[in-house]
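Chemist: my questions are about this predicted structure, shown below with the sequence.
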There are 2 protein chains.
Amino acid sequence: MQLTRFTDYGLRTLMYVGARAENSASVKEVADHYGISRNHLVKVVHRLSQLGYIETTKGKGGGIKIAKDATKLRLGDLIKQLEPNMNMVECFDTKTNTCRITGSCQLKHYLFEATQNFINTMNKYTLADTVQNKELLFA
Amino acid sequence: MQLTRFTDYGLRTLMYVGARAENSASVKEVADHYGISRNHLVKVVHRLSQLGYIETTKGKGGGIKIAKDATKLRLGDLIKQLEPNMNMVECFDTKTNTCRITGSCQLKHYLFEATQNFINTMNKYTLADTVQNKELLFA
DNA sequence: TATAATATATATTAGAAATACATATTTTAA
DNA sequence: TTAAAATATGTATTTCTAATATATATTATA
């Protein structure tokens, strides 16, 4: 049970940009700061922009910028949208489920409740909560 | 964010065996019932036996049997022990962590709390709760 | 002693995440 | 107007790990 690096990078990018002056930076700057692939990060940023969390500006002097108030960005919502698959077990997706005991098995209900609690707990916090000290982030 | 099939199969095996007369069955029987690889299931069963959840008997007439009272087997504990990796993000494991903002980043604390809530929720339920109707399981 | 079961180690396969590469597009500033 | 600097996008490759397969060993009983 893990989050993908895609989600991890997405959160880290928002944290970085949110802590920057004017809430802006370039993808290259973020990739360099974390020592991760710029090409991979481009896709994460692209997804964040699709979701409306980031504004991108092409061309010279362009870059990325947070599109929403960091105190309004709930972490649970972010995770739910960035994760490629929140189906905890096979039978969460009725299309591909092959489990023979689905009918009488209660496990899925408990897993659903637990996953919901996971997201709810994360939703107690916002992006703004994640960075305790903006200066320290760049130390 | 998903459980591995290994964990899924482990839970299903316990459910199956727990619903059987005398709480016993053979690996082959369980594998056939779910239509999954017997060889793979052998490893799951082996792990369950290492953890003390299942007793195995070799030889003719042998098989597997639940080693504990199903009403005492909490699902959260099971999941925690069956999952190969409960490190939600890279920085959960200080040995392999490379993230540069670990010092000032609060995300890990929130993720830790949320994961704990996930496990706690599952621990409200036991293996005995998962099977509503033993007969239905084999319908 | 043959058979039916689990135990164990190793090899292989499959799938998905992560990364790399190449090229297109856009915008600005010289 | 053109070069440069940024993101956009599609495809290919690599890497990792879960899942599966294979082979053999061990054990116990009929």
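Modeler: Looks like it came in fine.
Chemist: buried stuff in the helix or strand bottoming out on mean pLDDT in chain A?
Modeler: Lowest mean confidence among the helices and strands of chain A (mean pLDDT, DSSP states H and E): helix A:134-137, at a mean of 70. By neighbour count on 16 or more other C-beta atoms under 10 Å in any protein chain shown, the buried set for helix A:134-137 is A:Leu137. Using the backbone N, CA and C atoms, a C-beta is placed for each residue, glycine as well.
Chemist: that helix - contacts with which helices or strands?
Modeler: Judged by 3 or more C-beta pairs under 8 Å, 6 or more residues apart in numbering or on different chains; DSSP states H and E, helix A:134-137 is in contact with helix A:5-19.
Chemist: tell me if the helix it packs on is near DNA strand D.
Modeler: No: on the criterion C-beta under 7 Å from any atom of the strand, helix A:5-19 is out of touch with DNA strand D, staying 9.9 Å away.
Chemist: buried residues in stretch A:101-120?
Modeler: Buried residues in stretch A:101-120 (16+ other C-beta under 10 Å): A:Ile101, A:Ser104, A:Cys105, A:Leu107, A:Lys108, A:Tyr110, A:Leu111, A:Ala114, A:Thr115, A:Asn117, A:Phe118, A:Ile119.
Chemist: which single one of those residues is nearest to B:Val45?
Modeler: Among the buried residues of stretch A:101-120, A:Ile101 lies closest to B:Val45 (C-beta to C-beta), at 17.4 Å.
Chemist: how close does that closest one sit to A:Arg20?
Modeler: Distance from A:Ile101 to A:Arg20, counting by C-beta to C-beta, to the nearest Å: 51 Å.
Chemist: then A:Met88?
Modeler: Taking C-beta to C-beta, one finds A:Met88 at 35 Å from A:Arg20.
Chemist: what do you get for A:Tyr9?
Modeler: In terms of C-beta to C-beta, A:Tyr9 sits 16 Å off from A:Arg20.
Chemist: repeat for A:Val27
Modeler: Distance from A:Val27 to A:Arg20, by C-beta to C-beta: 13 Å.
Chemist: return the residues of chain A in contact with DNA strand D.
Modeler: A:26-28, A:39, A:42-43, A:45-46, A:49, A:56-64.
Chemist: can you narrow these down to the ones near DNA strand C?
Modeler: A:Asn39, A:Lys43, A:Thr57, A:Lys58, A:Gly59, A:Lys60, A:Gly61, A:Gly62.
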